[in-house]
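Engineer: Here's a sequence, model it:
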Amino acid sequence: MQSRVLVLAVLLVLAAVGPASGVAAGATPAAVGDASHTGPSVTCSFRYTATDATGTEVTLDSDPDRIVTLNPSAAQTMWEIGARDEVVGFSQYATYLEGAESGDRVNVSGAGGPSVERVLAADPDLVLVPNSTYGFAADRVEQIRDQGVPVFVFGQPTSLAAVANKTERIGRLTGNCEGGVERADEMRQSIALMEQALEDEDRPLALNVFHGYTSGANTFIGDVMESAGVRNGAAEAGITGFQMINDETVVELDPQWIVAPEDSPIPENEAYNSTRAIQEGNVVRVNTNYLQQPAPRSVRAAETILEAVHPDAYEEYQTLQTQAETSTTEAATTEAATTTTTAETDAPATTSTDSPGFGLSVSVVALAAAALLALRR
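Structural biologist: The predicted structure follows:
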């Protein structure tokens, strides 16, 4: 049984974090979640049709109330846009979310991936499928789709901006437009304020490592690092996507900082011990569920790195955040006051009560470990 799990994990790595960093074979390279910001004027009217990363037109006849998420990034997004009550199915790696296992929600994970039977038993109106899941379980996803269940497959986000766009798209698909736009705009604002706080800062070379792998160019983790004020050493070494990194490259790069998820050990060997990062104790540990998932909380991962590497810029960032929040609150108060005044002045007098309502080798182990991490995206 263990060997079967390892084989499945290796296959998962090849599909989800191997040389190809785009969507799975047969899927279009364009990531629907990368669409430009639609703005607060977007409305959640249904019937609604959108094309997913596989080129499939997905039509929703009405606002979906029962959502199944096949990977924790989609579940995290539903939590962040205030729509967790609509989630009826989640993957085993989403149990960290507050209240995930409460109520009638079911764990839809099976052996080596999502369980078609469990997904269908949850009676979903819509199934959200992140890129990494489709990469190794396309046949299972298509089995769900063949039963007439709307399934939307997302492309691979390659930046925090793309994650924000994906957040907005999930809000639109699930009938939570306001929550999606609001949370996406909060992400965009945080990214802009970090950039502002880092204007006069030097950017040291950093390397992301997890179970023998690294995040190169065209990865959202690489962009998390760069947004936090460090250079992505793997990208500068010519690595694209999620790839294994050898000791020779580590020595050649000699990173000043190492960024790693909390549950991934840093290799204790001559190559890593020779780096300035290890010699100076410059290792940033980041919450795995924030760093490894292309979802709204990836901004918190950037904040963690920013605080460790650029403490002064982090303080400035916090000040800018406070100022922005104060400005937003004052604007909302002014708008509410104006609306109230207008309503009291312009509303016609009425006495009617009918007002309308509103309703096992080392390499194999490393592959398996990285594969399991891919499941957590």
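
Engineer: Y317: how many residues sit nearby?
Structural biologist: Residues near Y317, counting by other C-beta atoms under 10 Å, number 24. C-beta: built from backbone N, CA, C; applies to glycine.

Engineer: quick one: contacts for the nearest residue to it once chain neighbours are set aside?
Structural biologist: Take Y317 and drop its neighbours on the chain: the residue closest to it by C-beta to C-beta, 6 or more residues apart in numbering is A197, 4.0 Å away. By C-beta atoms under 8 Å, 6 or more residues apart in numbering, the contact list for A197 reads L306, H310, A313, Y314, E316, Y317, L320.

Engineer: now those as JSON lines including secondary structure?
Structural biologist: Listed next are these as JSON lines, based on DSSP: H, G, I helix; E, B strand; the rest coil:
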{"residue": "L306", "secondary structure": "helix"}
{"residue": "H310", "secondary structure": "coil"}
{"residue": "A313", "secondary structure": "helix"}
{"residue": "Y314", "secondary structure": "helix"}
{"residue": "E316", "secondary structure": "helix"}
{"residue": "Y317", "secondary structure": "helix"}
{"residue": "L320", "secondary structure": "helix"}
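
Engineer: so A83 sits right up against G179, yeah?
Structural biologist: Yes: applying C-beta atoms under 8 Å, one finds A83 in contact with G179, separated by 6.2 Å.

Engineer: what residues are shared contacts of those two?
Structural biologist: Both A83 and G179 are contacted by G171, under the criterion C-beta under 8 Å, 6+ apart.

Engineer: circling back to that earlier point, would a markdown table of the contacts of A197 with pLDDT be doable?
Structural biologist: What follows is these, written out as a markdown table (pLDDT from 0 to 100):
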| residue | pLDDT |
| --- | --- |
| L306 | 98 |
| H310 | 98 |
| A313 | 97 |
| Y314 | 97 |
| E316 | 96 |
| Y317 | 96 |
| L320 | 95 |
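
Engineer: Phi, psi for T49 please.
Structural biologist: phi -130, psi 130 (degrees, to the nearest 10).

Engineer: ditto for A197
Structural biologist: phi -70, psi -20.

Engineer: how close does it get to H310?
Structural biologist: 8 Å (C-beta to C-beta, to the nearest Å).

Engineer: and what of R118?
Structural biologist: 45 Å.

Engineer: ok, those two, which is more surrounded?
Structural biologist: H310 (22 against 15).

Engineer: List the residues that contact that one.
Structural biologist: H310 touches A197, L198, E201, A228, G229, counting by C-beta under 8 Å, 6+ apart.

Engineer: Quick check: of those, which lies closest to A50?
Structural biologist: A228 (31.9 Å; C-beta to C-beta).

Engineer: Is that closest one in contact with E303, as I believe?
Structural biologist: Yes: counting by C-beta under 8 Å, A228 does reach E303; the two are 7.4 Å apart.

Engineer: number of nearby residues for A162?
Structural biologist: 20.

Engineer: How about the one 4 residues further on?
Structural biologist: Neighbour count of K166, defined by other C-beta under 10 Å: 29.

Engineer: circling back to that earlier point, need the residues touching each of A228 and E303.
Structural biologist: Joint contacts of A228 and E303 (C-beta under 8 Å, 6+ apart) are M194.

Engineer: Kindly state the domain boundaries assigned to the chain.
Structural biologist: 2-191, 200-314 (automatic domain parsing).

Engineer: wait, which of these is closest to T326?
Structural biologist: With C-beta to C-beta as the yardstick, what comes closest out of those is domain 2-191 (13.1 Å).

Engineer: re earlier: which two among the contacts of A197 are spaced furthest apart?
Structural biologist: It's H310 and L320 that sit farthest apart of the contacts of A197, by C-beta to C-beta, at 13.5 Å.

Engineer: Report the separation between A237 and N282.
Structural biologist: Counting by C-beta to C-beta, the gap between A237 and N282 amounts to 18 Å.

Engineer: Quick one: residues contacting V153.
Structural biologist: V23, A27, D52, A53, T54, T56, V129, N131, Y134, V141.

Engineer: and it, bridged to which residues?
Structural biologist: V129 (DSSP bridges).

Engineer: How about the contacts made by L126?
Structural biologist: Residues counted as contacts of L126 (C-beta under 8 Å, 6+ apart) are L60, P64, R66, I67, V68, V149, P150, V151, F152, L173, T174.

Engineer: change it to 7 Å
Structural biologist: For L126, the contacting residues are L60, P64, I67, P150, F152, L173, T174, by C-beta atoms under 7 Å, 6 or more residues apart in numbering.

Engineer: Quick check: closest non-adjacent residue to it.
Structural biologist: P64 (4.0 Å).

Engineer: Which strand or helix spans R172?
Structural biologist: helix 160-173 (DSSP states H and E).

Engineer: before we move on, what about A50?
Structural biologist: strand 48-51.

Engineer: what packs against that strand?
Structural biologist: Secondary-structure packing of strand 48-51 (3 or more C-beta pairs under 7 Å, 6 or more residues apart in numbering; DSSP states H and E): strand 57-60.

Engineer: Partner strands of the strand it packs on and their direction?
Structural biologist: Counting by DSSP bridges, strand 57-60 is paired with strand 48-51 (antiparallel).

Engineer: Only alpha carbons, please: show the strand it pairs with as CSV.
Structural biologist: Below are the C-alpha coordinates for strand 48-51, written out as CSV (Å, rounded to 0.1, in the frame of the first residue of the first chain):
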residue,chain,number,x,y,z
TYR,A,48,-23.8,32.8,-16.2
THR,A,49,-21.3,31.2,-18.6
ALA,A,50,-17.5,31.2,-18.3
THR,A,51,-14.7,29.3,-20.0
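
Engineer: Understood, closing this out.
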